[in-house]
Structures are given as structure tokens and as C-alpha cells.
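# Structure for this input, please:
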Amino acid sequence: MLIQQPQEVERKVIAILRVLSQSGEPLGARVISHRLQDYGIELSERAVRYHLKLMDERGFTQSVGRDGRLITRSGLEELENALVSDKVGFMASKIEVLAYQTDFDIDNHRGKVPVNISLFAEERFKQAIKAMRDTFKAGLCASELVAVCPQGERLGGVIVPQGKVGFATVCSIIINGALLKSGIPMDSKFGGILQVKNHKPLRFVELIRYSGSSLDPSEIFIASRMTSVGRVAREGEGRILANFREIPAPCQLTAEKLLAGLKEAGLGGLVMIGEVSKSVCEVPVEVNKVGMILLGGLNPVAAAAESGIEVENRAMSGVIEYQDLIKFWEL
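Alright, predicted model coming up:
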């Protein structure tokens, strides 16, 4: 009989907790087993039931009869605190999974699009819309398409809590997904803060490498009040959220055609593409690669936060059908 090491068991427990945390309803062993495959974990229904029994005993999960299990408050705390070493590079892995789940068809304008979810207090949401207007007008976003959801309903991979309004913005991973679908590999290197001067990108002033981070860079920058997106929208000067990617040089022409197709569908958020092996906005580029700067999808939300409106962000929080998105101006 194969004896599992304690850390291996703990990884599986954390993965199961992660699956349960993303569901607003009880899940059975069969569904959990299937969803674990998104994290590269193969567990049979029987094995999942074994782990769930142990998790019940530890107070991490709660049985709801035949409906399955729900995660408890203790389970949520364990998920937040456990296995920090496994969280290193979690963002890079999350980007790859979300890019794979993106299946938007550029020709037919149908399919799933990756989104960020922001949660605003109901009584402040109208103010938030007003605060974000200039940013959308200036095009400092991955798309003008958004989605709004009331409390108790699911938006992307999030159940909107009581007293909140869910607001979805398109994530720049839409480009990763489109390129992946066409066989073009994209290396998501950094999330950062891009300095803008005279309405033009000047240089990155802050960078966080996705492969070494357990948290989303945009969430960190917004919470730390390090942006001035509103000022950039009004005056063309300041700091915005941006992402740095690389693609193989031979793929550049094909990538540019795909980006044009995305733009036609109101998606993308491309700032600029550099030259082969040359730095872009003071960020070095690997040999035979081309650097690419993309706008952060959470820039409008950053502008709302700058105006003093509290917001809870869940970057890269799942996918939404393109047909379910509306233009910001319709709100």
C-alpha cells in the first residue's frame, strides 16, 4: 500500500478546499474529483470521499446530507494560511488555467471571456460608476464590456455577498487565451505599474514577477494606493496598472492579426509591442522574444478606489460568456 506523505495529503486537502471555496452550493465527491483536474490533481471519487471525511473531523468542511459538502469558516482560514511554499508562483499557474478556460471565438464573437470581479457596497455603487467613467472614456481598460450582478448570485467564479454588488471587468488574459487557441505561447512575466507622461507610456516603476508571487499584483497595487489612474485619464500623467508579456519573435505577425480581431470585438487592452530582443519601457526582453505591454483590467476599479470608495477585488476570477457582457455606458 502506498503511504502518502503528510505534505502530499495537505496539498490535496488545500486543493479540495479551493474547489469548495469557489462554489456557492454543496459539492459531491464526483464534482470535486472532476474540478480538481483543473489544478492538475487526479483523485478518484473514493479518494475524495476519504479526504472529505478527514476534513469533516478537522472542521474544515460540513456535510449537507446527499448534497455534498460546504466549506466552513475554519476551512476558509486554513485555505488562506496553509502551504505558503505552494502559493509561490500560484498567480502564474492561475493565468495558465484561465487562459486555457478562455474559448472566445474571434470570428463569431462567441465564447468565454476571462474576468476580474470587484465587490462594491450597494449604497456606493453609483458613486463607483461615476468615478470609473473617465477611465473607460480614456480607454484605460482591457475592454468597455462589463457585467453587474446583485447579491446572492454568481458572477464568474464568485458568489456576490449580502449587501454587495458584483462588478466584472474583462481581464487582459483574454489575449493569452486567444494566442493559446492559435498555438502561440505567451509568457506572462510581470504585473506592474506603468508611468504615463504626455498620454504615452514612459517606463515601469514597479514590477512583481508572477512566477514568484502568491498574490495578484494589481490587487496589491490598488490596496496600497500606488496608482493614479484617474489623473492619467484626465491629464495624461500618472501611474496605471499594466502587465508585461513576451511572445516568440516568429509569432509576432500572427499575434498582431489576432489582436486586431480582438479589438474589433471590443477586447484586448494592448498598449504596445516592442522589437525583437529589445527592452520595452525599460524592461529587458529575452533573446528572440518580443515584449508586449497590456493594460490592467482593474484600472477603472483602481480609479474608484483612488476616489475613496472601498472595494474588494478578486482578480482573474473565472470566465463569463461574451454574450452576457454589456457596455459600461449602458449602466
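
# tell me the SS of Lys263?
The three-state label given to Lys263 by DSSP: H, G, I helix; E, B strand; the rest coil is helix.

# List the residues that contact it.
Shown in contact with Lys263 (C-beta atoms under 8 Å, 6 or more residues apart in numbering): Leu270. Glycine gets a C-beta too; all of them are placed from N, C-alpha and C.

# For it, give its distance to Glu144.
According to C-beta to C-beta, to the nearest Å, Lys263 stands 12 Å off from Glu144.

# got it, and Glu275?
Noted for Glu275: a distance of 30 Å to Glu144, by C-beta to C-beta.

# Which one's more surrounded, these two?
Between Glu275 and Glu144, Glu144 has the larger neighbour count (other C-beta atoms under 10 Å), namely 19 against 12.

# who's in contact with the more buried one?
Applying C-beta under 8 Å, 6+ apart, we find Glu144 in contact with Phe136, Gly266, Lys327, Phe328, Trp329.

# switch the cut-off to 6 Å
Taking C-beta atoms under 6 Å, 6 or more residues apart in numbering, we find Glu144 in contact with Phe136, Gly266, Lys327, Phe328.

# pLDDT weak spots in the stretch 201-331 of the chain?
Residue ranges of the stretch 201-331 of the chain with pLDDT under 70: none are present.

# and with 80 instead?
Where the stretch 201-331 of the chain drops to pLDDT under 80, the residues are 213-214.

# For it, just list every one of the strands.
Remark: strands assigned in the stretch 201-331 of the chain by DSSP state E, counting those that start in this stretch are 238-248, 270-273, 289-295, 311-314, 319-321, 326-327.

# again with the stretch 51-200 of the chain
Ranges of strands in the stretch 51-200 of the chain, per DSSP E, counting those that start in this stretch, are 61-63, 69-71, 112-121, 145-149, 154-155, 158-159, 164-170, 187-197, 200-209.

# and these, which one is worst for confidence?
Mean pLDDT is lowest for strand 158-159 among the strands of the stretch 51-200 of the chain, at a mean of 82.

# Check which helices and strands that strand sits against.
Contact partners of strand 158-159 among helices and strands, from 3 or more C-beta pairs under 6 Å, 6 or more residues apart in numbering; DSSP states H and E: none.

# Direction included, what does that strand pair up with?
Strand 158-159 sits in its sheet next to strand 154-155 (antiparallel), going by DSSP bridges.

# Met186 touches Asn176, doesn't it?
Yes - between Met186 and Asn176 there is a contact under C-beta atoms under 6 Å: 5.1 Å.
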